[in-house]
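[1] Generate coordinates for the sequence data below:
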Amino acid sequence: MSDRTARRAAAPLATVLTADALLHLFWATGSTWPAADEKSLSHAVLGVEAPFTPPVLLPLAALLLTASGIVVAQSVRPGRLLRLGTFAVAAGLSLRALAGVYWVFAQDTSTVFHRLNLTLYTPLCALLCVAALHVARHRRPAVSGFAARGEDAVRVR
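    Numbers count the residues shown, from 1 in each chain. Just a heads-up that it's a prediction; the model follows:
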């Protein structure tokens, strides 16, 4: 995979992960936008009532920002550890997408969460998983000749 392709796949993936992290940080301030209250927000985002408090939201934001950074780093300067991290991001996204498919059939179809899960959360996670797999496949170009031995590529006579 070329550097350009990896960066093209990483850009929207990192953008969505960072935007999601910023949204979690925003909610950690006590805001419930776009919902009227914490209960409505919880039901729209998770489908159940759960606390939207800093001890819950801050680690999630940190995880999302870390994932974003790993993906960008892998697209720019690929390495084994970054590749493994990017595969972990893909695995997390695939698990969320699979859970979303389950929830499409297991949840009450009249809820806000059901509509958001069906039209936004699950398809987005599936697309981002594919992007993460593309980025994870990116490898450092093979080096040969003088550069492989650490020699200068210009010969002096």
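[2] Next up, the contacts around the closest residue in space to Leu57 that isn't next to it in sequence.
    Across the structure, with C-beta to C-beta, 6 or more residues apart in numbering as the measure, the residue nearest Leu57 apart from its sequence neighbours is Ala28 (4.1 Å). C-betas here are computed from N, CA, C, even on glycine. Counting by C-beta atoms under 8 Å, 6 or more residues apart in numbering, Ala28 touches Phe52, Thr53, Pro54, Leu57, Leu58, Ala61.
[3] how about 10 Å then?
    Counting by C-beta atoms under 10 Å, 6 or more residues apart in numbering, Ala28 makes contact with Phe52, Thr53, Pro54, Pro55, Val56, Leu57, Leu58, Leu60, Ala61.
[4] repeat for Cys125
    The contact partners of Cys125, taken as C-beta under 10 Å, 6+ apart, are Val16, Gly92, Leu93, Ser94, Leu95, Arg96, Ala97, Leu98, Ala99, Gly100, Val101, Asn117.
[5] His24 is in what secondary structure piece?
    Secondary structure assigned from DSSP states H and E places His24 in helix 3-28.
[6] in that helix, what's buried?
    Neighbour-count burial for helix 3-28, with 16 or more other C-beta atoms under 10 Å as criterion, is recorded at 6, 9-10, 13-14, 16-18, 20-21, 23-25, 27-28.
[7] Same check on stretch 118-125?
    Within stretch 118-125, the residues that qualify as buried are Leu118, Tyr121, Thr122, Leu124, Cys125, counting by 16+ other C-beta under 10 Å.
[8] can you check stretch 130-140 too?
    Of the residues in stretch 130-140, those with enough neighbours to count as buried (16+ other C-beta under 10 Å) are Val130, Ala131, Ala132, Leu133, His134, Val135, Ala136, Arg137, His138.
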